[in-house]
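A.B. asks: need a structure here:
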Amino acid sequence: MMRKIWIGLLSLLMAVGGAKAQFIANPLPIPFGDPYVMYDQGKYYMYGTGGDVKNGFGAYSSSNLKEWKFEGQVYHHDNPNGWGIHSFWAPEVYKKGGKYYMLYSAQWKQNPNQEKENFKIGVAVSDKPTGPFIDLNDRPIFDPGYPIIDANLLVENGKIYLYYSRCCYKHPVASEVAQWAKKRGWYNEVEESWVYGVELKTDFSGTIGAPVLLLRPPVKMGSIKEEWESRSVTAKEVNRRWTEGSYIFKKDKIYYMMYSANNFDGQNYAIGYATSKSPLGPFKKADNNPVLQRSGKVSGTGHNSITYTPDGKQMLCVYHGRTEATGHQRLVFIDKMEVAKDGRLMVHGPTLKD
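C.D. replies: The predicted structure follows:
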């Protein structure tokens with residue numbers, strides 16, 4: 001028995017040791033986009049977009065981040081307070097006061113102008129991480145006057161901050177990239193999505209104050225460190241530039257906001273980050289962006305969350321990607337990441353099992 005325990009410990013140390021060592025046999029057989037992992041009472045719970053559920057969200061659980069059990073559909077759109085009708089995306093779950101709160105985006109059924117993209121953010125609650133989650137109210141948290149997706153929260157000093165992405169829909173923005181594409185006869189305009197932050201009421205019933213613009217695509221061309229954010233346009237994929245899928249955390253008094261750029265449905269989807277000394281900015285994009293992008297047989301790497309090994313020592317980046325073998329199907333990847341002593345954030349991926 002002692003020999004088996006020692007071998008198990010040795011295997012774990014080998015898995016998490018060394019920056020280039022593969023932590024998990026990627027990709028995991030979980031068909032999620034926008035994966036979010038919560039650690040609670042010795043177990044990991046993963047939520048995401050899609051995953052073979054209809055009009056809602058499924059969940060998986062694991063004790064070791066390698067073997068995962070499907071817990072079924074944990075949120076259904078037709079619950080007593082359901083307000084969404086389709087496009088259920090990017091769920092994230094937070095524990096507060098012994099209850100579990102799911103933030104997510106969906107198409108709001110209240111749509112008098114019949115907008116194609118009428119996405120809003122709502123919150124549902126459950127007594128268990130495996131649901132069932134029931135909407136707190138029969139409406140979204142708030143309506144800023146434009147479609148929004150990709151909710152992420154920061155809880156600090158008794159306050160809750162909500163981060164979200166304004167959709168590209170009907171949001172054309174003047175930029176050198178837009179001018180460049182128009183001169184080539186590719187697109188008449190380029191729409192953009194931007195990341196905002198706003199304080200949230202502690203009972204999730206609404207927001208406090210006006211949203212603050214935190215991140216947007218670069219206005220000018222020519223910067224090597226920022227050109228990666230425009231590849232959906234420069235590769236002639238689509239007339240849109242995205243800044244979405246934000247995930248914020250704090251380390252050594254610095255706020256790190258990870259975000260995804262480019263078309264989520266394309267190969268150039270990638271992750272960068274920005275830093276600030278305040279939860280509502282201003283944020284400065286990092287010089288070493290992107291920190292995760294297509295490589296080898298893996299592409300479409302984006303919309304991440306962060307978790308840690310059970311001992312809390314090793315940061316892990318959880319994201320979705322595609323491989324040559326799996327085709328267009330999005331699957332979950334987990335790779336090691338770190339914040340170096342000089343403050344640089346690095347993701348050691350994408351890794352792919354041999």
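A.B. asks: the longest strand that the chain contains packs against which elements?
C.D. replies: In the chain, taking DSSP state E as the definition, the longest strand is strand 84-96. Here strand 84-96 touches strand 32-40, strand 43-50, strand 56-62, strand 99-108, strand 119-126, strand 148-156, going by 3 or more CB pairs under 8 Å, 6 or more residues apart in numbering; DSSP states H and E. Any C-beta I mention is one placed from the backbone N, CA and C, and that applies to glycine too.
A.B. asks: out of the ones you listed, flag the one nearest residue 331.
C.D. replies: Among the helices and strands packed on strand 84-96, strand 32-40 comes nearest to residue 331, with 7.6 Å by CB to CB.
A.B. asks: between that closest one and strand 148-156, how many degrees?
C.D. replies: Note on geometry: by axes from the mean of the first three to the mean of the last three CA atoms, to 10 degrees, strand 32-40 and strand 148-156 are set 20 degrees apart in direction.
A.B. asks: output the below-cut-off pLDDT ranges for the stretch 101-250 of the chain.
C.D. replies: Judged by pLDDT under 70, the stretch 101-250 of the chain has no weakly predicted residues.
A.B. asks: all the helices of it, in order from the start?
C.D. replies: Using DSSP state H, counting those that start in this stretch, the helices found in the stretch 101-250 of the chain span residues 176-183, 231-234.
A.B. asks: turn the ones you listed into JSON lines, columns for mean neighbour count.
C.D. replies: Listed next are the helices of the stretch 101-250 of the chain as JSON lines, based on neighbours: other CB atoms under 10 Å:
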{"stretch": "helix 176-183", "mean neighbour count": "16"}
{"stretch": "helix 231-234", "mean neighbour count": "22"}
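A.B. asks: closest one to residue 100 among these?
C.D. replies: Closest among the helices of the stretch 101-250 of the chain, using CB to CB: helix 231-234, at 35.0 Å.
A.B. asks: distance from the chain centre to that closest one, please.
C.D. replies: Distance of helix 231-234 from the chain centroid (CA atoms, centre = their mean, to the nearest Å) equals 21 Å.
A.B. asks: do stretch 227-244 as well
C.D. replies: Relative to its parent chain, stretch 227-244 has a centroid offset of 18 Å by CA atoms, centre = their mean.
A.B. asks: between the two ends of it, what distance do you get?
C.D. replies: 16 Å (CA to CA, to the nearest Å).
A.B. asks: now that stretch: buried residues?
C.D. replies: Using 16 or more other CB atoms under 10 Å as the test for burial, stretch 227-244 gives 228-234, 238-244.
A.B. asks: thought residue 32 was touching residue 332?
C.D. replies: Yes: with contact defined as CB atoms under 8 Å, residue 32 counts as touching residue 332 (5.3 Å).
A.B. asks: now the common contact residues for the two.
C.D. replies: 46, 48, 320 (CB atoms under 8 Å, 6 or more residues apart in numbering).
A.B. asks: follow-up on the earlier one: which stretch among the helices and strands packed on strand 84-96 comes nearest residue 178?
C.D. replies: With CB to CB as the yardstick, what comes closest out of the helices and strands packed on strand 84-96 is strand 148-156 (22.1 Å).
A.B. asks: contacting residues around the closest one?
C.D. replies: Here strand 148-156 has contacts from 34, 89-90, 92, 94, 96, 103-105, 119-121, 160-167, 196, 200, 244-250, 255, 279, 303, using CB under 8 Å, 6+ apart.
A.B. asks: repeat for stretch 310-318
C.D. replies: Outside stretch 310-318, the residues that reach it (CB under 8 Å, 6+ apart) are 16, 23, 35-37, 39, 42, 46, 65, 271, 292, 304-309, 332-339, 347, 349.
A.B. asks: could you rerun that using 6 Å?
C.D. replies: 16, 35, 37, 304-305, 307-308, 334-335, 337-338, 347 (CB atoms under 6 Å, 6 or more residues apart in numbering).
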